[in-house]
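J.: Return a 3D structure for these sequence lines:
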Amino acid sequence: MNDEKAVREANLAFYRAFEALELDQMDDAWAHDGQVTCAHPGWTLADGWEAVRRSWETIFENTGTIEFEVSEERIDVRGDLAWVVCVERIHAGESEGAVLATNVFRRDPADGRWRMVHHHGSPFVPPPRPRGQRAGEKKIIN
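T.: Residues are numbered from 1 along each chain as shown. Down below sits the predicted model:
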């Protein structure tokens, strides 16, 4: 499997762990050594594996159900580091929202697997419509 495909799979495994609300799966998606950080929307930075893991425990304990539609993935691989920038469309119970996420992965030298070392989510607001264009209307350029 090429690196870009392997990183895409690692990114998908992260979202599957999130949807499952299973800490063991999330543990497996992340590196546990070196610089590991996480910034959930509206939260302070979780720095170090223990702080990152506590943040997931808190989220999982306070979430009933959650589903993600991940789109607009942009993947870049540089040696043993890779990052994915994507839009997360989130469905949690009756709530819906969108987050612009950056997920950074490092190749584990022990087994060659890509594991997350940083996740950062920011609220996503779609770009404004061109002036004079109504919602749902596509601008036609001649």
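J.: buried sites along the longest helix seen in the chain?
T.: Scanning the chain for the longest helix, with DSSP state H as the assignment, gives helix 3-20. Neighbour-count burial for helix 3-20, counted by 16 or more other Cβ atoms under 10 Å, picks out 3, 6-8, 10-11, 13-15, 17-18. Placement of C-beta: from N, CA and C, glycine included.
J.: ditto for stretch 60-79
T.: So stretch 60-79, judged by 16+ other Cβ under 10 Å, has buried residues 60, 66, 68, 70, 75, 77.
J.: Around G121, count how many other residues there are.
T.: 19 (other Cβ atoms under 10 Å).
J.: From the contact counts, what lies against the longest helix of the chain?
T.: Counting by 3 or more Cβ pairs under 8 Å, 6 or more residues apart in numbering; DSSP states H and E, the packing neighbours recorded for helix 3-20 are helix 23-29, strand 67-78, strand 81-92, strand 95-107, strand 114-123.
J.: need those in TSV with distance to S55 and mean pLDDT, can you?
T.: Output for those, formatted as TSV (distance: least, Cβ to Cβ, whole Å; pLDDT from 0 to 100):
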stretch	distance to S55	mean pLDDT
helix 23-29	10	97
strand 67-78	17	96
strand 81-92	16	96
strand 95-107	14	96
strand 114-123	9	96
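J.: Among those, which comes closest to V36?
T.: Closest of the helices and strands packed on helix 3-20 to V36 is strand 114-123, at 5.3 Å (criterion: Cβ to Cβ).
J.: what angle do that closest one and helix 3-20 make?
T.: Here strand 114-123 runs at an angle of 60 degrees relative to helix 3-20 (axes from the mean of the first three to the mean of the last three Cα atoms, to 10 degrees).
J.: does H32 sit in a helix, a strand or a coil?
T.: coil (DSSP: H, G, I helix; E, B strand; the rest coil).
J.: what does stretch 120-127 rub up against?
T.: Residues outside stretch 120-127 that contact it (Cβ atoms under 8 Å, 6 or more residues apart in numbering) are 38-41, 87-88, 97-102.
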